[in-house]
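Q: This is a predicted model, with the sequence first.
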Amino acid sequence: MYAVWLLNGLVHSVIIYFGVQLAFGGQTFENGKTPGFWGLSSMASTVCVVVVLLKAALITNHWTVFNHIVTWGSAVVYILTMWMYTASGMNPDVNGVWADVIMTPRALLCIPVIAAAALTPDFAVAAYMRWNKPHDWEILRVRGQFVLLPVPFVRS
């Protein structure tokens, strides 16, 4: 099982890396800047956080209020942290990277597209396993949804 998770992480990282490179490699913005190392790495880390949170949501069997608070709250904390770090001037190399790269229409479109591409194998495996090798609790859940009604007596 551990090897499956390692392979899954490798597939996610390859899709994220090449997706970000394909989307932003060689791009020049309106102000004449290029994304550079900090722009590409902040874009890749943003997509990685989105993929991890959606993967956690995918494998969660029972949702509670606390699951929602932690999952979606993590996304909010990440966005606020990145925004404050790039706007604070603590590191002059990343000054304004969030506004220049992440808040462009291209990035806002690429984040869900790359995340969906990275999670497509997970959805495919989950669907295959549910249809061909379901867990006992999945079988019981489906059986509980169908109530067998008695067949009415038909006179001929």
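A: Arrived safely, thanks for sending.
Q: residues near residue 126, how many?
A: By other CB atoms under 10 Å, the residues close to residue 126 number 13. The way it works is simple: take the backbone N, C-alpha and C, and place the C-beta from them, glycine included.
Q: Can you tell me how far the nearest residue to it once chain neighbours are set aside is from residue 52?
A: Counting by CB to CB, 6 or more residues apart in numbering, residue 58 is the residue found nearest to residue 126 once chain neighbours are left out, at 6.9 Å. Per CB to CB, to the nearest Å, residue 58 is found 11 Å from residue 52.
Q: And these two? Which one has more around it.
A: Applying other CB under 10 Å to residue 58 and residue 52 shows that residue 52 carries more neighbours, namely 18 against 11.
Q: Can you tell me the SS state at the more buried one?
A: Following DSSP: H, G, I helix; E, B strand; the rest coil, we place residue 52 in the helix state.
Q: how near is it to residue 84?
A: 21 Å.
Q: tell me the mean pLDDT for the host helix or strand of residue 58?
A: For residue 58, the host element (DSSP states H and E) is helix 36-59. For helix 36-59, the mean pLDDT works out to 89.
Q: Who are the contact partners of the most centrally placed residue in the chain?
A: Nearest to the mean C-alpha position of the chain, by CA atoms, centre = their mean, lies residue 51 at 2.4 Å. For residue 51, the contacting residues are 12, 16, 115, 118, 119, by CB atoms under 8 Å, 6 or more residues apart in numbering.
Q: which two from the residues you listed end up farthest apart in space?
A: Greatest spatial distance in the contacts of residue 51: 16 and 119, 10.7 Å, computed using CB to CB.
Q: quick one: the strands in this structure?
A: Along the chain, no stretch is classed among the strands by DSSP state E.
Q: Which residue ranges of it form helices?
A: 2-24, 36-59, 65-88, 97, 105-132, 136-145 (DSSP state H).
Q: most neighbours per residue, which of those helices?
A: helix 97 (a mean of 25; mean count of other CB atoms under 10 Å).
Q: hmm, back to that, quick one: the residue nearest to residue 126 and residue 120 touch, right?
A: No - Residue 58 lies out of contact with residue 120 (CB atoms under 8 Å); the separation is 11.4 Å.
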